[in-house]
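K.L.:
Sequence first, predicted coordinates after that:
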Amino acid sequence: MSRIISVVGYGGSGKTTYLEKLIAVLVARGLRVAVIKHTSHPEAFLGSEGKDTDRHFAAGASGVALVGPSGYSLAVRGPEPALVEVLGKLEPADLVITEGYKTGPWPKVEIRRRDSGQPVLSVRHDELLALVTDGEEQGRNVFSLDQPEDLAVWLLNWLESDHGTDG
């Protein structure tokens, strides 16, 4: 079973940019990583305007699959599925990282910008696995936004311990 963590933070905090770097480090160290990104923007599923996927949806299709030599993508119109349903559609991975799921039982890694002007997310203390920041915060499991390698090493150790949460 895959281990699951959720990377959370306000819009514009740099979650995706940070994850690109973190994933690259984890994969280079031999981990199979999958990502599930949550969005509250319905237009994210329409495809580029005028392209085939958009045209199929505009014609009334409830789902569109794009299949080719490098893989496939599946877009389905309908109610938002439960995260566990989406997990079942992914290829096996050592670690599944969700981006943007602020609720749910999985351990959270919060991305926090010093000058965001936003309050601290209300992630339960027992769910907060780590904090990644460009600020001055100190403490256990606080990592620099500029050093994704540090969090990657810590996550690898965490996954090897009994502390990782099975999904």
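P.N.:
Yes, it's here. Numbering: from 1, shown residues only.
K.L.:
When you work out contacts or count neighbours from here on, use the C-alpha atoms and nothing else.
P.N.:
OK.
K.L.:
how close does the residue in the chain sticking out farthest from the centre sit to residue 95?
P.N.:
In the chain, residue 59 marks the outermost C-alpha relative to the chain mean, sitting 31.3 Å out by C-alpha atoms, centre = their mean. As judged by C-alpha to C-alpha, to the nearest Å, residue 59 and residue 95 stand 37 Å apart.
K.L.:
what does residue 57 give?
P.N.:
Distance of residue 57 to residue 95, computed by C-alpha to C-alpha: 32 Å.
K.L.:
Over to residue 6?
P.N.:
Look at residue 6 and residue 95: by C-alpha to C-alpha, they are 11 Å apart.
K.L.:
Which of the three states applies to residue 86?
P.N.:
Assigned with DSSP: H, G, I helix; E, B strand; the rest coil, residue 86 falls in the helix class.
K.L.:
Spit out the contact partners of it.
P.N.:
Residues near residue 86 by C-alpha atoms under 8 Å, 6 or more residues apart in numbering: residue 36.
K.L.:
re earlier: for residue 57 and residue 95, work out which one has more neighbours and name it.
P.N.:
Using other C-alpha atoms under 10 Å as the criterion, residue 57 and residue 95 rank with residue 95 on top: 24 against 18.
K.L.:
Which residues does residue 75 form beta bridges with?
P.N.:
residue 64 (DSSP bridges).
K.L.:
How about residue 97?
P.N.:
With DSSP bridges applied, residue 97 shows beta-bridge pairing to residue 5, residue 35.
K.L.:
What residues does it make contact with?
P.N.:
By C-alpha under 8 Å, 6+ apart, the contact set of residue 97 is 4-7, 33-36.
K.L.:
how about 7 Å then?
P.N.:
Contact analysis of residue 97 by C-alpha atoms under 7 Å, 6 or more residues apart in numbering lists 4-7, 34-36.
K.L.:
what does residue 65 give?
P.N.:
Residue 65 touches 72-75, counting by C-alpha under 7 Å, 6+ apart.
K.L.:
ok, those residues vs residue 91, which is closest?
P.N.:
residue 72 (11.6 Å; C-alpha to C-alpha).
K.L.:
what residues does the helix or strand hosting that closest one touch?
P.N.:
Using DSSP states H and E, residue 72 sits within strand 71-76. Strand 71-76 is contacted from outside by 45, 62-67, using C-alpha under 7 Å, 6+ apart.
K.L.:
how about a cut-off of 6 Å?
P.N.:
62-66 (C-alpha atoms under 6 Å, 6 or more residues apart in numbering).
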